[in-house]
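*Asks:* Predicted structure and sequence below. I'll ask about it afterward.
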Amino acid sequence: MVLNMFTRKDPSVSDESKHFVNSLPSTFVNVFRKRRQLLPVWSSNKYCAMIKSTFLVYYRVSRSEDAANHASERVLKYLNLQNCSIRMIDDDSAGFVFCVTPESGRGALFFAADTEKDRAKFAAQAAAVQRHALSVSDFETLKLLGKGHYGRVILARGVADKQLYAVKEMKLSQVKPKVVYTERSVMEWAADHPFILGLDFAFARGKSVFLVSRFMPGGDLFLHMQNHGGCFHEDVRLESRHGRTKTMCGTDTYLPPEMVGRYPAGHGLPVDMWQFGCILFELRAGYPPFYIPQSSQKSTHQRILYQTVRYPNNLSKDFKNLLVALLEKKQEDRLGFHSGVAEVKQHPFFNGVDWEKVLKKQLPPPLVPGPAGDTLVNNFDPQFTEQPHQIYVSEELVSCYERDFAGYDFVRQRPVPATREQRPAGAASSSSSTKVTEEDDKPELEPERINIKI
């Protein structure tokens, strides 16, 4: 039984692409027997098989007594499932056998599962990976939402499901691969957090990469700041930020001293504490703590390293104390260094905040955006929404980046309600196991959410 076949050639996988694939969560993990490549006999060793993004990643499992010694010496093998066919083989001698064959027809892999259910699970996950090869033509572009140094964000409608999405396009000539990989990985890992805009789709086509998320018509935080005179009142606290710190991380004015100075000890969670302080400062002052217009990168870095922060005069005592503690130049003296976020939440400025209600979004937000309007972009800056919004990517273009961005594709898998099929637990068949059904519910617009701006 052949599940799918793609005509695209399977390029060699770069080391950077392998590192990226390794950083992703696994959508399937199991241990199988494997037939040897040169001789038609089954290996006495078992192999751990994982599906990460579009790749099958597998390695030989060490014996239990040697596992601790050889864990760091695993030799990982990679195979892009989008370019493979998968066959179920009736061979009871080794278990429940299946064959994964590359498009070239050479180097076929034979695995044997212990149960039919395990084999069916692999087949279903592989089928889901194969049938979701996206392209730009799967989206109808409507409006430009935002534009920045790394790329732009476009409002689009899915051709198949008619849902609204925010499509972030990044030109690979303008951004480092590490940045693109990191954002893609973080958005997948944090997709289920209530305050983080999750990832629905990701793909690399032509000389661009695309990150597709559900559209939030509430607009952009900075536009709302402009409409409020350049800053917010102090009652706009952490619970109203909706996890948007990601929109500004990485810009020069938000880098902490340990990153600017490239300290030998490196950096960790205190970086987030510093950047949280920068965001709170800007929400109240209207500008970042070390920002000066038309300032060079070198000058900005010098101020971050050596200049004392100048605080506005109209800050409350607790709020200023919080900012001072977060913007401490020495990591070890910074609020949150010892106990992380819990230490920040216990600061007097946040007295009275019910964090459980914050997490469950049961508190009234201090800022409620206006209606999205007929064009759906009333809460976005007209200087962007009135610009051209088309995406030009030749589907026939052979990307010179394809080798480096293998495995970048992603499709969020929605759970199938149990009521759709009344089937005993554990029951599986080869016909049903390879079919993955997705919900086709349409999204509800959430005006209380704030959309990403680059």
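*Replies:* Ah, there it is. Numbers count the residues shown, from 1 in each chain.

*Asks:* quick one: the strands in the stretch 1-150 of the chain?
*Replies:* 28-35, 42-52, 55-60, 77-80, 84-89, 96-102, 109-113, 139-147 (DSSP state E, counting those that start in this stretch).

*Asks:* State the distance from Pro40 to Cys99.
*Replies:* Per Cβ to Cβ, to the nearest Å, Pro40 is found 12 Å from Cys99. Every C-beta, even on glycine, is put in place using the N, C-alpha and C of the backbone.

*Asks:* quick one, which of these two is more surrounded?
*Replies:* Between Pro40 and Cys99, counted using other Cβ atoms under 10 Å, Cys99 has the larger neighbour count: 16 against 8.

*Asks:* how near is that one to Arg87?
*Replies:* 5 Å.

*Asks:* cool, Asn45 as well?
*Replies:* 23 Å.

*Asks:* Pull the number of nearby residues for Ala126.
*Replies:* 24.

*Asks:* I'd like to check which residues are in contact with Ala160.
*Replies:* Asp138 (Cβ atoms under 8 Å, 6 or more residues apart in numbering).

*Asks:* Distance check, it against Ile292.
*Replies:* From Ala160 to Ile292 the distance is 48 Å (Cβ to Cβ).

*Asks:* Also Val186?
*Replies:* Taken as Cβ to Cβ, the span from Val186 to Ile292 is 30 Å.

*Asks:* and the one helix or strand Val358 maps to, what other elements does it pack with?
*Replies:* Element membership for Val358 (DSSP states H and E) is helix 355-359. The contact analysis (3 or more Cβ pairs under 8 Å, 6 or more residues apart in numbering; DSSP states H and E) places helix 355-359 against no helix or strand.

*Asks:* Name the next helix or strand following that helix along the chain.
*Replies:* Using DSSP H and E, the next helix or strand after helix 355-359 towards the C-terminus is helix 382-385.

*Asks:* Which residues does whichever helix or strand comes after that next one contact?
*Replies:* Downstream of helix 382-385, the next assigned helix or strand under DSSP H and E is strand 410-411. For strand 410-411, the external contacting residues (Cβ under 8 Å, 6+ apart) are 53, 128, 132, 134, 184, 188, 199-203.

*Asks:* For strand 410-411, what does the pLDDT average out to?
*Replies:* The average pLDDT for strand 410-411 rounds to 84.

*Asks:* re earlier: so which of Asn45 and Arg87 has more stuff around it?
*Replies:* Remark: of Asn45 and Arg87, Arg87 carries more neighbours, 15 against 11, as counted by other Cβ under 10 Å.

*Asks:* Run a quick check on the more buried one versus Thr101, I expect a contact.
*Replies:* Yes. Assessed by Cβ atoms under 8 Å, Arg87 is found in contact with Thr101 at 7.1 Å.

*Asks:* before we move on, back to that, just the ones of the contacts of strand 410-411 in helices?
*Replies:* Judged by DSSP state H, the contacts of strand 410-411 include 128, 184, 188 as members of helices.

*Asks:* While we're on the last one, how confident is the model there?
*Replies:* Per-residue pLDDT puts Glu188 at 84.

*Asks:* And for it, nearest residue in space, chain neighbours not counted?
*Replies:* Spatial nearest neighbour of Glu188, chain neighbours left out: Leu199 (5.3 Å); criterion: Cβ to Cβ, 6 or more residues apart in numbering.

*Asks:* Test my guess that that neighbour contacts Ser185.
*Replies:* No. Contact between Leu199 and Ser185 fails when scored by Cβ under 8 Å: they sit 9.6 Å apart.

*Asks:* Between these two, which is the more surrounded one?
*Replies:* Neighbours were counted for Leu199 and for Ser185 using other Cβ under 10 Å; Leu199 has more, 23 against 19.

*Asks:* can you pull the contacts of that one?
*Replies:* Applying Cβ under 8 Å, 6+ apart to Leu199 gives the contacts 184, 187-188, 191, 211-213, 410, 412.

*Asks:* hmm, try it at 7 Å
*Replies:* 187-188, 191, 211, 213, 410, 412 (Cβ atoms under 7 Å, 6 or more residues apart in numbering).

*Asks:* Any regions of the stretch 101-250 of the chain where pLDDT drops low?
*Replies:* For the stretch 101-250 of the chain, the stretches with pLDDT under 70 are 131-132, 226-250.

*Asks:* 50 instead?
*Replies:* Per-residue confidence for the stretch 101-250 of the chain (pLDDT under 50) gives these ranges: 233-250.

*Asks:* before we move on, what about the stretch 351-454 of the chain?
*Replies:* Along the stretch 351-454 of the chain, segments meeting pLDDT under 50 span 396-400, 416-454.
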